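*Asks:* sequence below, structure please.
(one chain, ligands or ions: 1)
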Amino acid sequence: MTQKNSIAIIGGGLAGLATANALASFGMKADVYETAPALGEIGAGVNTSPQANKALQAIGLGEKLAAVADSSAGTHTCNMQTGEFLEFADRNKAAARYGAPYYTFHRADLMDAIASGLDPATIHLGHRLTGIEERGDRVALTFANGANIEADIVIGADGVRSVIRPALYGDDNPTYTGQMVWRALLKGSDIPSDLLDPAGHIEWVGPGCHLNAYYLRGHDVVNIVTQEDTAKWVAEGWSTPGDPDEMRASFPNPEPRLKKLLSVVTECSKWGLFTRPLNDNWGRGRIQLIGDAAHAMLPNAGQGACQAFEDSYIVARWLAAEPDPVKAFENFRRVRIKRVHAVQRLSIARARLKHMRDPVAQKAMIAAQQAGGAGSSNWVWAFDPVADWDKEPEVPTIEAEI
Ligand SMILES: Cc1cc2nc3c(=O)[nH]c(=O)nc-3n(C[C@H](O)[C@H](O)[C@H](O)COP(=O)(O)OP(=O)(O)OC[C@H]3O[C@@H](n4cnc5c(N)ncnc54)[C@H](O)[C@@H]3O)c2cc1C
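*Replies:* So this is what the prediction gives:
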């Protein structure tokens, strides 16, 4: 295929790197410009659901991902204070039903696997975008290191604090959601073997908060990631240090297994969750936003990166199919916005469900969700981005707004 456009991708996170791979799989070369001096060394877990893995497999990353992924049998959800079992989300069944695996990764391994498919000469580290301007059929880009380049088209994958968004839409800062996350990575050998039984992935839900704990890299590492409603302001970032005692105090009256798990934490970090009200400001003309830059969401449906992977495949597919990139981007937005808004709403609704203060009502709602009712992820995972890249997907109505 003849390359029609020079393509600049801003941001070398999961969205940007996956998109560079996707474009390459359709015969297009792109250059990636990333602020950081090295690609993300983030110590945390990330889960990818079947439909996102279909997109990644279709761009040739299947074997690389399988080599570094963990495949847990599923997630057991329990009440945080009583330990009562509430739900088992069976990942093997989901994988069989939707025709692709459900994976858990150490983020650094996922990043490495995605980056390893790319020509290193096309990844420009230490390039922080400071200015972007549309000039007729070109886009001029300015970087903090003094570099200036022009590209035919730009894909903005520069995350929730995108520089490209305000350049297009004016003041558009993400706002603090009043929710914060604690994160900790523990040595698997420090955790008694029965603590995460039977599947190695437990989610404890409780009043105003929840906590997930699961193995990474076989049983070498245990990832803890939590979320709570809070009146405290917390900055955003993967590396703001936290106080383990303050973390423990966030989960009052924990059941014995959770108490034991929390007692092992000696180091943790904290993160404030930021997002924006749902909007259609996803780009215009020769500039297209993807991933968190377009649609940052709460992490409760485990879909931020997954939606970025769907974006990656579908934006590349449109650019391969449509000679005019402006039309390709318009079509991308036409098929993506409705679906991603529904996923964003699902994430908000999930946060409310996990943090309900009435355990009886919560148990009933979790059972309804598991039966495929409101709040189920079935419709998210059932989507096939490869077969249906050009269709506006059907989505359920979910009443939830930031
Ligand atoms: C606690 C937590 C748990 C999560 N768990 C999951 C999960 O299990 N599954 C899931 O699917 N999602 C999950 N997510 C969401 C997921 O992490 C994000 O949606 C995803 O990382 C977004 O990728 P991105 O590439 O769009 O943005 P980012 O990962 O933020 O990458 C943006 C990149 O752009 C670079 N950049 C920024 N500004 C500039 C600039 N001016 N110039 C050049 N480069 C720039 C940054 O350095 C960065 O490398 C979770 C999120 C959180 C907070």
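*Asks:* was I right to think D280 contacts R334?
*Replies:* No - if you go by Cβ atoms under 8 Å, D280 and R334 don't touch, sitting 10.6 Å apart. In short, each C-beta sits where N, CA and C put it, glycine included.
*Asks:* out of those two, which sits in the busier spot?
*Replies:* R334 (13 against 10; other Cβ atoms under 10 Å).
*Asks:* could you find the closest non-adjacent residue to that one?
*Replies:* Of all residues not flanking R334 in the chain, E392 sits nearest, at 6.6 Å (Cβ to Cβ, 6 or more residues apart in numbering).
*Asks:* what's the burial count for the one you found?
*Replies:* Neighbours around E392, by other Cβ under 10 Å: 12.
*Asks:* pretty sure it contacts K338?
*Replies:* Yes - if you go by Cβ under 8 Å, E392 and K338 touch, sitting 6.2 Å apart.
*Asks:* up against the ligand, what does the stretch 51-200 of the chain have?
*Replies:* Applying Cβ under 6 Å from any ligand atom, we find that the stretch 51-200 of the chain lies next to the ligand at H127, R128, L129, A157, D158, G159, V163, V181.
*Asks:* element containing the fifth one?
*Replies:* Per DSSP states H and E: D158 is located in neither a helix nor a strand.
*Asks:* who touches it in this structure?
*Replies:* By Cβ atoms under 8 Å, 6 or more residues apart in numbering, the contact set of D158 is I10, G11, G16, L129, I164, A293.
*Asks:* what sits closest to it if chain neighbours are left out?
*Replies:* Of all residues not flanking D158 in the chain, G11 sits nearest, at 3.9 Å (Cβ to Cβ, 6+ apart).
*Asks:* any idea how far the one you found lies from P323?
*Replies:* In this structure, G11 and P323 are 26 Å apart, going by Cβ to Cβ, to the nearest Å.
*Asks:* now do the helices in the stretch 1-150 of the chain.
*Replies:* 14-25, 50-58, 62-68, 91-98, 107-115 (DSSP state H, counting those that start in this stretch).
*Asks:* what packs against the longest one?
*Replies:* Put plainly, it is helix 14-25. Helix 14-25 is packed against strand 7-10, strand 30-33, helix 50-58, helix 107-115, helix 291-295, helix 304-321, with contacts defined by 3 or more Cβ pairs under 8 Å, 6 or more residues apart in numbering; DSSP states H and E.
*Asks:* what angle separates that helix from helix 107-115?
*Replies:* Angle, helix 14-25 to helix 107-115, by axes from the mean of the first three to the mean of the last three Cα atoms, to 10 degrees: 20 degrees.
*Asks:* can you give me the mean pLDDT across helix 14-25?
*Replies:* Across helix 14-25, pLDDT averages out at 98.
*Asks:* indicate the residue of the stretch 101-250 of the chain located nearest to the ligand.
*Replies:* At 2.8 Å from the ligand, G159 is the closest residue in the stretch 101-250 of the chain, using Cβ to the nearest ligand atom.
*Asks:* check contacts around that residue.
*Replies:* By Cβ under 8 Å, 6+ apart, the contact set of G159 is G11, G13, G291, D292, A293, A296.
*Asks:* repeat that for 7 Å
*Replies:* The contact partners of G159, by Cβ atoms under 7 Å, 6 or more residues apart in numbering, come to G11, G13, D292, A293.
*Asks:* quick one, phi psi at the spatially closest residue to G156 that is not a sequence neighbour?
*Replies:* Excluding the flanking residues, the one nearest G156 by Cβ to Cβ, 6+ apart is I164, at 3.8 Å. The phi/psi pair for I164 (degrees, to the nearest 10) reads phi -70, psi -40.
*Asks:* for the remainder of this discussion, apply numbering that starts at 15.
*Replies:* With the count now opening at 15, the last piece we talked about shows up as I178.
*Asks:* hmm, I178 is touching E147, no?
*Replies:* No - with contact defined as Cβ atoms under 7 Å, I178 does not count as touching E147 (11.0 Å).
*Asks:* these two - which one has more neighbours?
*Replies:* Neighbour tally, I178 and E147, criterion other Cβ under 10 Å: the higher count belongs to I178, 25 against 12.
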